[in-house]
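Participant: okay, here's the prediction I keep looking at, along with the sequence it came from:
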Amino acid sequence: MTNTAGARPAFGWKDHALGGGLGVLYVSWLLLSARTLGFARDEGFYFRAGRQYSRWFDLLLSRSPEAFESRTIDSIFSYNHEHPVLMKCLFGLSWEYLHEKAHVFTDASTAFRFPAMVTAGVALWVTYLFGARAYGRWAGVIAALLLGLMPRVFYHAHLACFDIPIMTMWTLSVYVYWRATQERGFGWAIAAGLVYGLALMTKHNAWILPAVFVAHALVVHGRAILRNLAAGRVVLPAPLVAMATLGPLLFCAGWPWMWSDTAERVKEYVSFHLNHEYYNMEFLGRNYGAAPSPRSYMPVMILATVPAVTLALFGLGAFDRLRVLVLRILEWGRVTLARSRRRVPASLFDSTALGLSGLEPHVPKDKAATDVLIFLACATALAPWVLSTKYPIFGGTKHWLPAYPFLAILAGRGFVIALSALRRTWPGLVGWIRPATEIGLAFAVTIGPLVITVHSHPFGLSSYVPLVGGTAGGADLGLNRQFWGFTTQGVGPYLEKNAPRHASVFIHDTAWESWQQMQAEDRIRNDLRGVNSPSEADFALVHHELHMNEIDYEIWVAYGNDAPAYVLTHDEVPIVSVYRRR
């Protein structure tokens, strides 16, 4: 099952079945665990947007001329027009057809969440295909599993939000572009353009992707581009042309809000994200409510939230591919030197002289520069938080989720290296013992992430990995315990038992739409009344975040009592406190 970039195995339906099967199992797990996870603030907004947008499709089928009128489009799509339309339309269509009409899902929220869950399954499928084609089938399997068994990925994969969908579309865009580079067919180039358009329709992260494609195209096609420029011609790779044209075209054509006053609305969209409000986030005991952001945030949070075995395998795989890149550069240097016949010290391109002895003297050529593309796709998703202090950190790890499939692919390569070492150490493994041993090693590197991920649910944003001491260690380090008010559902049983009928509840960081949805689905008693301030409430919730400590003080003054009646905890770390008026 081993393979190197450039020596692709013969692929067929069994590979798609394997990758797709992993995706289906993951979506099934998400569906089974969805009921126990409360609603994040943003989900409430997207529930409303989904319901509203589905009306447009009803009009499109029943009174299509009216659906294309500007006043109709503006009345429907003006809500939450800060974000692209694709996922919100899918949320609404899933709700209408799988909940309201076909009754496939009992909970409306599960129907809203289902499209994003499906994209999580697609992410595992594409990650398997990419890893398997690049480094071997074992690499693909392990990459898909380790991606799904990242606690933060598992948490976000439940939500009717855009963070997992853009992770998927980022990965799919890079994969289809890579295949277009390999196959060099018109069909793959068109597919690259269309997929990139869907990525633009998913979330604004996609506008960063050209940095990956252009840099990679210069590596692969740089000489040809320069030769054509010298001859007075501009000839660009077909995938780049397709993405540069079809991508923005699909972005505008697929978003009805952009059909009127397009230039101004595109300008407004860009301005919103370039000047996004900066929310609060705790990091190492300090609250960051405005720029500059700490450059250490991203690497520390990766160490604190990605299982250590995944990071160790990533380090092994990344080192292996980096040394292969060095060898290819040395090989290119030797060939260029020989052709130019210039008097340059031979040691300049000698691996032994450069301290790289022990590396194989030759590596297979890879015209698609697969390693370069994987590193670019991973690094570009992470780079903003290292290169600038202006990028917000209020979303935690969700902003750089697009890097994780490529981190996992390199971890899959690390597993293949470990597997090769195992085979060399015990060459006598024959018959059924060999596959059993390989499966045992795969189990050994995935069981830890599985246990960590299972234990994190339904406190995905509160949970940290054992490397930093788990949830308690994260709290001691001053890492954020939660955001978006998604843990409100966890106090439902306490309110069910202790709150009088029609009691009022200060819902703190919970969005009203999310509170109403929890009541509609009997997750919170539907007679309880949500209110805006502790002074109006019989019960008051506090979602523990550093910048919200003032809420505790406000409650103490209003209630004349500083002792919570109930505290929801994870690993004995307070997550939500409930105060009761005497």
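Facilitator: Sure, I can see it.
Participant: low-confidence ranges, the protein, go.
Facilitator: Within the chain, the ranges that satisfy pLDDT under 70 run 1-9, 333-364.
Participant: show me it divided up by domain.
Facilitator: With automatic domain parsing as the criterion, the domains of the chain are listed as 13-308, 488-580.
Participant: A475 is nearest to which of these?
Facilitator: Evaluated over the domains of the chain, closeness to A475 peaks at domain 488-580, with 4.7 Å, by Cβ to Cβ. In short, each C-beta sits where N, CA and C put it, glycine included.
Participant: what about G50, which helix or strand?
Facilitator: Using DSSP states H and E, G50 sits within helix 41-62.
Participant: helix or strand right after that helix?
Facilitator: Per DSSP H and E, the first helix or strand lying C-terminal to helix 41-62 is helix 64-67.
Participant: and that next one, what other elements does it pack with?
Facilitator: In terms of contacts (3 or more Cβ pairs under 8 Å, 6 or more residues apart in numbering; DSSP states H and E), helix 64-67 is packed against helix 41-62.
Participant: so which elements touch the helix holding G50?
Facilitator: Counting contacts by 3+ Cβ pairs under 8 Å, 6+ apart, helix 41-62 packs against helix 64-67, helix 70-77, helix 86-94, helix 108-135, helix 512-520.
Participant: dump the domains of the chain into a markdown table; add distance to T380 and mean neighbour count as well.
Facilitator: Formatted as a markdown table, those follow (distance: least, Cβ to Cβ, whole Å; neighbours: other Cβ atoms under 10 Å):
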| stretch | distance to T380 | mean neighbour count |
| --- | --- | --- |
| domain 13-308 | 5 | 20 |
| domain 488-580 | 30 | 18 |
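Participant: mind putting those in JSON lines, distance to T471 included?
Facilitator: Shown next, in JSON lines, are the domains of the chain (distance: least, Cβ to Cβ, whole Å):
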{"stretch": "domain 13-308", "distance to T471": "10"}
{"stretch": "domain 488-580", "distance to T471": "4"}
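Participant: what's the closest of those domains to S388?
Facilitator: Across the domains of the chain (criterion: Cβ to Cβ), the nearest stretch is domain 13-308, sitting at 8.2 Å.
Participant: now that closest one: how far from the chain's centre is it?
Facilitator: Relative to its chain's centre, domain 13-308 lies at 9 Å (Cα atoms, centre = their mean, to the nearest Å).
Participant: so which helix or strand takes in Y579?
Facilitator: Counting by DSSP H and E, the element that carries Y579 is strand 573-580.
Participant: which outside residues touch that strand?
Facilitator: 459, 462, 471-472, 474-475, 481-482, 487-488, 490-491, 494-495, 498, 534, 538-544, 552, 555, 559, 561, 564-569 (Cβ atoms under 8 Å, 6 or more residues apart in numbering).
Participant: that strand pairs with which strands, and in what direction?
Facilitator: Note on strand 573-580: by DSSP bridges, its sheet partners are strand 539-543 (antiparallel), strand 566-570 (antiparallel).
Participant: and the last one, how far from the chain's centre?
Facilitator: Yep, that's strand 566-570 we're talking about. Relative to the centre of its chain, strand 566-570 is centred 28 Å away, using Cα atoms, centre = their mean.
Participant: cool, the first one as well?
Facilitator: Its chain's C-alpha centre and that of strand 539-543 lie 30 Å apart, by Cα atoms, centre = their mean.
Participant: check which element follows it along the chain.
Facilitator: helix 549-559.
Participant: helices and strands around that next one, which ones?
Facilitator: The contact analysis (3+ Cβ pairs under 8 Å, 6+ apart) places helix 549-559 against strand 539-543, strand 573-580.
Participant: what angle sits between the first one and helix 549-559?
Facilitator: Using axes from the mean of the first three to the mean of the last three Cα atoms, to 10 degrees, the interaxial angle of strand 539-543 with respect to helix 549-559 works out to 170 degrees.
Participant: identify the residues contacting F39.
Facilitator: Shown in contact with F39 (Cβ under 8 Å, 6+ apart): F47, S109, F486, T488, Q489, T510, A511, S514, Q517, M518.
Participant: could you find the closest non-adjacent residue to the last one?
Facilitator: Looking back up the chat, that one is M518. Excluding the flanking residues, the one nearest M518 by Cβ to Cβ, 6 or more residues apart in numbering is I524, at 4.4 Å.
Participant: right, and that neighbour touches G490 too?
Facilitator: No. Taking contacts as Cβ atoms under 8 Å, I524 lies outside contact range of G490: 10.5 Å.
Participant: so for the longest helix along the chain, what gets flagged as buried?
Facilitator: For the chain, the longest helix by residue count, based on DSSP state H, is helix 308-340. The neighbour-count check on helix 308-340 (16 or more other Cβ atoms under 10 Å) flags 309-311, 313-314, 316-318, 320-321, 323-325, 327-328, 330-331, 337 as buried.
Participant: what of stretch 372-389?
Facilitator: Result for stretch 372-389 [16+ other Cβ under 10 Å]: buried residues 372-378, 380-385.
Participant: tell me which of these fall in helices.
Facilitator: Using DSSP H, the members of these that fall within helices are V372, L373, I374, F375, L376, A377, C378, T380, A381, L382, P384, W385.
Participant: in a markdown table, list the residues you listed along with distance to H502.
Facilitator: Output for those, formatted as a markdown table (distance: Cβ to Cβ, whole Å):
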| residue | distance to H502 |
| --- | --- |
| V372 | 63 |
| L373 | 60 |
| I374 | 57 |
| F375 | 59 |
| L376 | 58 |
| A377 | 54 |
| C378 | 53 |
| T380 | 53 |
| A381 | 48 |
| L382 | 50 |
| P384 | 48 |
| W385 | 47 |
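Participant: picking up where we left off before, what's the spacing between the residue nearest to M518 and L37?
Facilitator: Applying Cβ to Cβ, to the nearest Å, the value for I524 to L37 is 14 Å.
Participant: okay, and the common contacts of the two?
Facilitator: Common contacts of I524 and L37, defined by Cβ under 8 Å, 6+ apart, comprise Q489.
Participant: that older thread, got the angle for the helix holding G50 vs helix 86-94?
Facilitator: On the basis of the same axes, to 10 degrees, helix 41-62 is oriented at 70 degrees to helix 86-94.
Participant: kindly export helix 41-62 (C-alpha atoms) in CSV.
Facilitator: Written as CSV, here are the backbone C-alpha positions of helix 41-62 (Å, rounded to 0.1, in the frame of the first residue of the first chain):
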residue,chain,number,x,y,z
ARG,A,41,-25.1,31.7,18.2
ASP,A,42,-24.4,31.8,14.5
GLU,A,43,-26.5,28.7,13.9
GLY,A,44,-29.6,30.6,15.0
PHE,A,45,-29.0,33.2,12.4
TYR,A,46,-28.5,30.6,9.7
PHE,A,47,-31.6,28.7,10.7
ARG,A,48,-33.5,31.9,10.0
ALA,A,49,-31.7,32.6,6.8
GLY,A,50,-32.3,29.0,5.6
ARG,A,51,-36.0,29.3,6.2
GLN,A,52,-36.1,32.6,4.4
TYR,A,53,-34.0,31.6,1.4
SER,A,54,-36.1,28.4,0.9
ARG,A,55,-39.0,30.7,0.1
TRP,A,56,-37.2,31.9,-3.0
PHE,A,57,-36.9,28.4,-4.4
ASP,A,58,-40.6,27.8,-3.7
LEU,A,59,-41.3,30.9,-5.8
LEU,A,60,-38.9,29.7,-8.5
LEU,A,61,-41.0,26.6,-8.9
SER,A,62,-44.4,28.1,-8.6
